[in-house]
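**Student:** This is a predicted model, with the sequence first.
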Amino acid sequence: MQIFGVDIGGSGIKGAPVDLDKGDLAQERCKVLTPHPATPDGVADGVKQVVDHFGWTGPVGLTFPGVVTGGAMVRTAANVDKGWIDTDARALFSDRLGGLPVTVVNDADAAGVAEMQFGAGQGRRGTVVLLTFGTGIGSAVFVDGLLLPNTELGHLELNGKDAEKKASSKAKEDEDLSWEHWARRVQKYLAHVEMLFSPELFIIGGGVSRKAEKFLPHIEGIKAEMVPAQLQNNAGIVGAAMRAAQDQHV
């Protein structure tokens, strides 16, 4: 069975049909740049471009980089235009896509759901924390496989600032940090999250998961097991499709 998944990020909007039996993309994904400013109308146009690329006419699952309640309402917008706050994203995207059934979910929650079902979290009990390092830091917290939605741990305070301002992969790029220097920042952040949640496993996701060997070996003193996301940067697309299938009872 296939459902379309779209992952909306601070730098790109990417999507593809997803094979829900395999937990993988059924076709090569299409990606467009996220508009700046990332207004609701501008992002909706980008989503339509991605979906239209495949001529898709079925249910669509979308991730959003912020708190989303009830599969529809946007409550925060840290790395996109503030006009998103209190927007009914499901209604906006469905209207732009010609009335297609739409489900919207927090981006890291979507990635986490995919990793727990098909990736690094398969069969893991206890507390598992997935963290996506990208434009910001997203988080998904699971206890015995059940998701605690919209945790947004990237906004924990670290040295007087939002943690994602210092430890996201965007911070690494903006400040031209070496992998080792950036890993020390990530280590401080992970130690803070570990102190709060005592997870058995950290899954490290986002685009940097493809280069885990460059920074994970430099992270020390963390008691929890640390592994890169297996679905890497496709996890959000897969998870969005999974949630849409669940929401639409497909």
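**Tutor:** Thanks, I have it. As the structure is a computational prediction, the values presented were derived from the model and not from experiment.
**Student:** per-domain residue ranges of this protein.
**Tutor:** 2-109+234-247, 123-229 (automatic domain parsing).
**Student:** Kindly check the end-to-end length of the last one for me.
**Tutor:** Using Cα to Cα, to the nearest Å, the gap from the first to the last residue of domain 123-229 comes to 15 Å.
**Student:** quick one on the thing from earlier: highest average neighbour count across the domains of the chain?
**Tutor:** Comparing the domains of the chain by mean neighbour count (mean count of other Cβ atoms under 10 Å), domain 2-109+234-247 comes out on top with a mean of 20. Backbone N, C-alpha and C define where each C-beta goes, glycine included.
**Student:** surely A38 meets K82?
**Tutor:** No - taking contacts as Cβ atoms under 8 Å, A38 lies outside contact range of K82: 10.1 Å.
**Student:** for the protein, what are the low-confidence residue spans?
**Tutor:** 250 (pLDDT under 70).
**Student:** which helix is the longest one in it?
**Tutor:** Secondary structure of the chain per DSSP state H: the longest helix is helix 179-197.
**Student:** Please list all residues in contact with I137.
**Tutor:** By Cβ atoms under 8 Å, 6 or more residues apart in numbering, I137 lies in contact with 131, 153-154, 163-164, 167-168, 189.
**Student:** one step back: give me the sheet partners of the very next helix or strand once past the longest helix of the chain and which way each runs.
**Tutor:** Downstream of helix 179-197, the first helix or strand assigned by DSSP states H and E is strand 201-205. Its sheet considered, strand 201-205 pairs with strand 127-133 (parallel), strand 225-228 (parallel) by DSSP bridges.
**Student:** gap between whichever helix or strand comes after strand 201-205 and the chain center?
**Tutor:** Later in the chain than strand 201-205, the nearest helix or strand by DSSP H and E is helix 212-215. On the basis of Cα atoms, centre = their mean, to the nearest Å, helix 212-215 sits 20 Å off its chain's mean C-alpha point.
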